[in-house]
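Q: sequence first, predicted coordinates after that:
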Amino acid sequence: MDINILLLQIVLPLGVFIILGILLRIFVIPFLVKLSHKTAWEGDDVIIHVLQVYILWWSVLGGLVYISPQMGLKSHHLLWVKDGLLAVFILSITLAASKIGGGLTRIPRNRKGVQLPDSTILSNVVKGVIYALGFILILQAFGIKITPLLTALGVGGLAVALALQDTLSNLFAGIQLIASGKTNIGDFIELENGKRGFITDINWRNTTVQTVGNNTVVVPNSTLSNSIIENFFLSDRQITFYINVGVGYESDLDKVEQISIEEARKVMADSEGGVTDFEPFVRFYNFGDSSIDLKVFVRVEEYADQFIITSELIKQIHKRYQEEGINIPFPIRTIIQQ
């Protein structure tokens, strides 16, 4: 092939495609990145990031497809080259789509204004489906009939399904847990055995729960799906709780109520996790053996916040009661020895 023809028909067009890809990478992609930062949806950030990775490769592939007829190949060789380039293009599209699909499933979902983390099971399932479709398209690109393959996979899949009943049960149970919206990563739950903790992951086989004591509990998805669990974050992450207090029978209960509410307000305002727009309240509920018992109700942003709020509230109420001369009695028992 003459050198001039080589330059004009092959090198120059390929160079144009490469330069086009570089220009898109340098100028267009950064512009799209700036636009995506102005939107509330995080999905466009995922898509643009993937485009930034693959845009140059697609430009090169486009150039190779354009110049392939000019390379002087025999018809059957040219057909092989085109099929190979098509397979590479499908492979790149598959990889890009899997990254986009996996990234979109990992975007934190929103439940009543609260951002929820992702789960690995959805990402893995989406990627698996995309890879399978890409594999089928590549086989078709090479002219391989997929009907016999699908038939064989169907028969083999039935045997595998029978052998992996427990694994598949956990897989579909995990998908059901996520799809139902009743259980999500980041939720604080109580299991049937009384263990409490935050869900840290839901994968294809089990759900991981991190307890308040920083221990890890691993529960098979099928077991969790068939269990009765209490989800403290399902309706509202904020929770209202109370502390018990007892005061002497000689106490002015109106004053006790006022002081308790004042201290509760201060603690809610000064402590992280307190809901400041919630009005604390007091309820007297029992004539005890040595005290009149009351509950001081406060509200926190989520379950774990109640521990520090409880500690601070007890300290502040005890200090204020001492300053105001309010007695917190303790049980007294008289033992008569004969």
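A: Okay, I see it.

Q: for the stretch 1-150 of the chain, just list every one of the strands.
A: Along the stretch 1-150 of the chain, counting by DSSP state E, counting those that start in this stretch, strands occupy 109-111, 114-116.

Q: in this structure residue 195 contacts residue 213, no?
A: No: Residue 195 is beyond contact range of residue 213, at 9.6 Å (criterion: C-beta atoms under 8 Å). All C-beta spots, glycine's among them, are computed from the backbone N, C-alpha and C.

Q: more crowded one of the two?
A: For residue 195 versus residue 213, neighbours defined as other C-beta atoms under 10 Å are more numerous around residue 195 (15 against 8).

Q: give me the phi and psi for that one.
A: Per-residue torsions, residue 195: phi -70, psi 140 (degrees, to the nearest 10).

Q: and it, what does it touch?
A: 209, 211, 217 (C-beta atoms under 8 Å, 6 or more residues apart in numbering).

Q: run the last query once more with 7 Å
A: Residues near residue 195 by C-beta atoms under 7 Å, 6 or more residues apart in numbering: 211, 217.

Q: which intervals of the stretch 151-300 of the chain have sub-threshold pLDDT?
A: For the stretch 151-300 of the chain, the stretches with pLDDT under 70 are 153, 155-164.

Q: does residue 218 have beta-bridge partners, and which?
A: residue 208 (DSSP bridges).

Q: could you pull out the helices for the stretch 51-200 of the chain?
A: Secondary structure of the stretch 51-200 of the chain (DSSP state H, counting those that start in this stretch): helices at 75-105, 120-141, 147-163, 165-180.

Q: what angle do the first one and helix 120-141 make?
A: Calculated by axes from the mean of the first three to the mean of the last three C-alpha atoms, to 10 degrees, helix 75-105 forms an angle of 170 degrees with helix 120-141.

Q: likewise for the shortest one?
A: Inter-element angle recorded for helix 165-180 and helix 120-141: 110 degrees (by the same axes, to 10 degrees).

Q: for helix 165-180, C-alpha coordinates in PDB please.
A: C-alpha atoms of helix 165-180 as PDB (Å, rounded to 0.1, in the frame of the first residue of the first chain):
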ATOM      1  CA  GLN A 165     -31.900 -24.400  47.300                       C
ATOM      2  CA  ASP A 166     -30.700 -22.800  50.500                       C
ATOM      3  CA  THR A 167     -28.400 -20.400  48.600                       C
ATOM      4  CA  LEU A 168     -31.100 -19.300  46.200                       C
ATOM      5  CA  SER A 169     -33.600 -19.000  49.000                       C
ATOM      6  CA  ASN A 170     -31.200 -16.600  50.800                       C
ATOM      7  CA  LEU A 171     -30.600 -14.700  47.500                       C
ATOM      8  CA  PHE A 172     -34.300 -14.100  46.800                       C
ATOM      9  CA  ALA A 173     -35.100 -13.400  50.400                       C
ATOM     10  CA  GLY A 174     -32.400 -10.700  50.400                       C
ATOM     11  CA  ILE A 175     -33.900  -9.200  47.200                       C
ATOM     12  CA  GLN A 176     -37.400  -9.300  48.900                       C
ATOM     13  CA  LEU A 177     -36.000  -7.600  52.000                       C
ATOM     14  CA  ILE A 178     -34.700  -4.700  49.900                       C
ATOM     15  CA  ALA A 179     -37.600  -4.500  47.500                       C
ATOM     16  CA  SER A 180     -40.200  -4.400  50.300                       C
END
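
Q: check which helices and strands it is in contact with.
A: helix 120-141, strand 196-202, helix 221-225 (3 or more C-beta pairs under 7 Å, 6 or more residues apart in numbering; DSSP states H and E).
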